[in-house]
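**Student:** Structure for this input, please:
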Amino acid sequence: MSNKSATISGVARPGRKAPWWDSIVGGVPYLFGFLILFVLWHIAATYMMKSVLFPPPLSVLKAALQMIRDGSLLAAISASLVRIAIGFFCGVALGVPIGLAIGNFSLVRKLLEPWTEFFRFVPPTAMITVAVIWFGIGEGSKVFLIIYATIFIVILSTAAGVTSIAPNKVRAAQTLGASPRQIFVYVSLPATMPFILTGMRLAMANSFMTVVAAEMVAAQEGLGVMIWTGRLFMLVDQIFTALLALGLLGFAADRLFRYGIFKFAGQYEPVA
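**Tutor:** From the prediction side, this is the model:
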């Protein structure tokens, strides 16, 4: 009897997989996908397009290990990630309230839509010179450009989420006696959250693209600087190392962001 109860109430049950095992199994397709990518890269660089300008993956990995040993790669990654994090979170913190205001209030929408529709078609790379003139070659110009690349995507996604709310939901809440504040907190915001989170994911990709362009123009360290100096001195392995680092960092950041979404905002039914 005691063995039976232990089987029922015990932590480890026969046939039940641990969460860490599920995570490992779920990550196998990603590893297989990366393996295919590196194999195709090796075949293309070794047999199809053999050139010093297109190094094979083993050569790039050797260069990456050397830069890890001397600390240059980690310093570049750290500098770029700090800029991305500051600019991304500032852009989100500004974009979400503006998007909510545009979606909820017609007067605000009429006042701010000309601004958003005008500036979102001016690419961040076109603003690099302006950012350097305004903020100098320090960190301010890079952070400004990342905010600029982030904020309009978040604004549009948030505003689209608000306008997509079914009017019947709002009327039902009003019929039950909900105040405007309660309608916003319990109806509008939960319905808009999937759009906000999707906009944040798209904005994160823009942040990675923008930081490289900004660092190529005015920076002392960063992955963009690695690419630029590699071009000047024909250090092709260094260029591909920076590209590889950007791709892997972007993939890891997106996976972590998705994990955080489903862990802490799963009740809002986010889009995968």
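**Student:** What are the boundaries of the helices in the protein?
**Tutor:** 2-9, 19-43, 57-70, 72-104, 106-119, 128-135, 139-163, 167-175, 180-183, 189-217, 223-232, 236-264 (DSSP state H).
**Student:** Next, format those helices as TSV and append mean neighbour count, mean pLDDT and distance to S51.
**Tutor:** Backbone N, C-alpha and C define where each C-beta goes, glycine included. Listed next are the helices of the chain as TSV, based on neighbours: other CB atoms under 10 Å; pLDDT from 0 to 100; distance: least, CB to CB, whole Å:
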stretch	mean neighbour count	mean pLDDT	distance to S51
helix 2-9	8	44	64
helix 19-43	11	77	13
helix 57-70	15	93	12
helix 72-104	20	93	24
helix 106-119	12	90	41
helix 128-135	15	89	31
helix 139-163	23	92	33
helix 167-175	12	83	59
helix 180-183	13	81	62
helix 189-217	21	87	24
helix 223-232	19	91	16
helix 236-264	16	88	9
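**Student:** Now that we have the ones you listed, can you turn them into a markdown table and tack on distance to M49?
**Tutor:** Below are these laid out as a markdown table (distance: least, CB to CB, whole Å):
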| stretch | distance to M49 |
| --- | --- |
| helix 2-9 | 60 |
| helix 19-43 | 10 |
| helix 57-70 | 13 |
| helix 72-104 | 25 |
| helix 106-119 | 40 |
| helix 128-135 | 32 |
| helix 139-163 | 32 |
| helix 167-175 | 56 |
| helix 180-183 | 59 |
| helix 189-217 | 24 |
| helix 223-232 | 19 |
| helix 236-264 | 13 |
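**Student:** of all these, which lies closest to K50?
**Tutor:** Checking the helices of the chain against K50 by CB to CB gives helix 19-43 as the closest, at 10.7 Å.
**Student:** who touches stretch 210-224?
**Tutor:** For stretch 210-224, contacts defined as CB atoms under 8 Å, 6 or more residues apart in numbering pick out 75-77, 79-80, 83-84, 87, 124-125, 128-129, 131-132, 137, 141-142, 145-146, 148-149, 225, 227-228, 242, 245-246.
**Student:** Please repeat the previous calculation with a cut-off of 7 Å.
**Tutor:** 75-77, 79-80, 83-84, 124-125, 128, 132, 137, 141-142, 145-146, 149, 225, 227-228, 242, 245-246 (CB atoms under 7 Å, 6 or more residues apart in numbering).
**Student:** go on, stretch 246-258?
**Tutor:** 77, 201, 204-205, 208, 212, 223.
**Student:** try stretch 90-109
**Tutor:** Stretch 90-109 has contacts (CB under 7 Å, 6+ apart) with 112-113, 146-147, 150-151, 154-155, 157-159, 161-163, 188, 196, 200, 203.
**Student:** gap between S188 and V162?
**Tutor:** 6 Å (CB to CB, to the nearest Å).
**Student:** Now do the contacts for L176.
**Tutor:** Contacts of L176 (CB under 7 Å, 6+ apart): none.
**Student:** State the distance from it to L243.
**Tutor:** 55 Å.
**Student:** cool, and G224?
**Tutor:** Remark: distance between G224 and L243 (CB to CB) = 11 Å.
**Student:** Could I get the contacting residues of the residue nearest the centre of the chain?
**Tutor:** When CA atoms, centre = their mean is applied to the chain, the residue found nearest the centroid is M204 (2.8 Å). M204 makes contacts with 88, 253-254, 257, as judged by CB under 7 Å, 6+ apart.
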